[in-house]
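Undergrad: Predicted model and sequence follow; I will ask about them next.
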Amino acid sequence: MLDIDTLMVDGQAIGPDAFMDAIDPLLPMAYRLARGLLRNHSEAEDILQEAMLKAWNYRRSLRARSSIRPWFLAIVANQCRQTLRGRWWSVIRQPDLSSMDPHPTGSEPADVESLKQGLLKLRYRDRLILVLRFYLDLSFQDVAATLHISPAAARVRTHRALARLRPMVAIPGELIDE
């Protein structure tokens, strides 16, 4: 009989160490997803820890022979959504855009600042699809698997999110095309 800390994958028992070995390479990508959605370093780290715990608790929902990456990224995205919906989040939220600054002088181009502000104005669903597609550089198939939609639906949602973003961003449309 298997204990509670054992997972069955392809008929073989996998323990906590093997589970963490499978999740570990996904952590940087999952952090970037949480950071892109929440715009806050410490909140993203907290979400990542909560998502790892949820992944462990729901490890039996991972189907045999299915990819762990979309499954785990969906958990992270759902955890971010729950956090954003929380009552206290709207009271204590402080955007932490300064630490995302890739320019050490603190002076970033106006188009980058305009893009950041435009993303902040988008609703969660649109920001999620754009972060998955462009920030994490996932293919439409991977975006679809993460969001449990078809690749065609992922393309359509990306196109619509870009259409909503364009009027908010002060850069030519061809710079933010697919």
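TA: Yep, it's here. No experiment lies behind these values; they were computed from the predicted model shown.
Undergrad: Show me where the protein has its strands.
TA: Counting by DSSP state E, the chain has these strands, from start to end: 7-9, 12-14.
Undergrad: State the mean pLDDT of the last one.
TA: Translated: strand 12-14. Mean pLDDT, computed over strand 12-14, is 57.
Undergrad: go on, stretch 115-132?
TA: 88.
Undergrad: cool, stretch 72-79 as well?
TA: Stretch 72-79 comes out at a mean pLDDT of 92.
Undergrad: now the closest residue in space to residue 73 that isn't next to it in sequence: how far from residue 34?
TA: With sequence-adjacent residues excluded and distances taken as CB to CB, 6 or more residues apart in numbering, residue 73 is closest to residue 146, at 4.6 Å. Quick note: C-beta positions are derived from backbone N, CA and C, even for glycine. Computed as CB to CB, to the nearest Å, the residue 146 to residue 34 distance reads 13 Å.
Undergrad: Can you tell me how far the residue nearest to residue 73 is from residue 20?
TA: Taking CB to CB, one finds residue 146 at 21 Å from residue 20.
Undergrad: More neighbours: which of the two?
TA: residue 146 (25 against 13; other CB atoms under 10 Å).
Undergrad: Let me know whether that one touches residue 78 as I believe.
TA: No - in this structure, residue 146 is not within contact of residue 78 by CB atoms under 8 Å, at 10.3 Å.
Undergrad: Let's check: the centremost residue of the chain is which one?
TA: residue 33 (2.9 Å; CA atoms, centre = their mean).
Undergrad: Let me see the contact set for the closest residue to residue 58 other than its chain neighbours.
TA: Spatial nearest neighbour of residue 58, excluding adjacent residues (CB to CB, 6+ apart): residue 75 at 7.4 Å. The contact partners of residue 75, by CB atoms under 8 Å, 6 or more residues apart in numbering, come to 51, 54, 55, 58.
Undergrad: can you put these in TSV and add pLDDT?
TA: As requested, the contacts of residue 75 are arranged in TSV below (pLDDT from 0 to 100):
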residue	pLDDT
51	92
54	91
55	89
58	84
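Undergrad: now, which of these sits nearest residue 42?
TA: residue 51 (14.9 Å; CB to CB).
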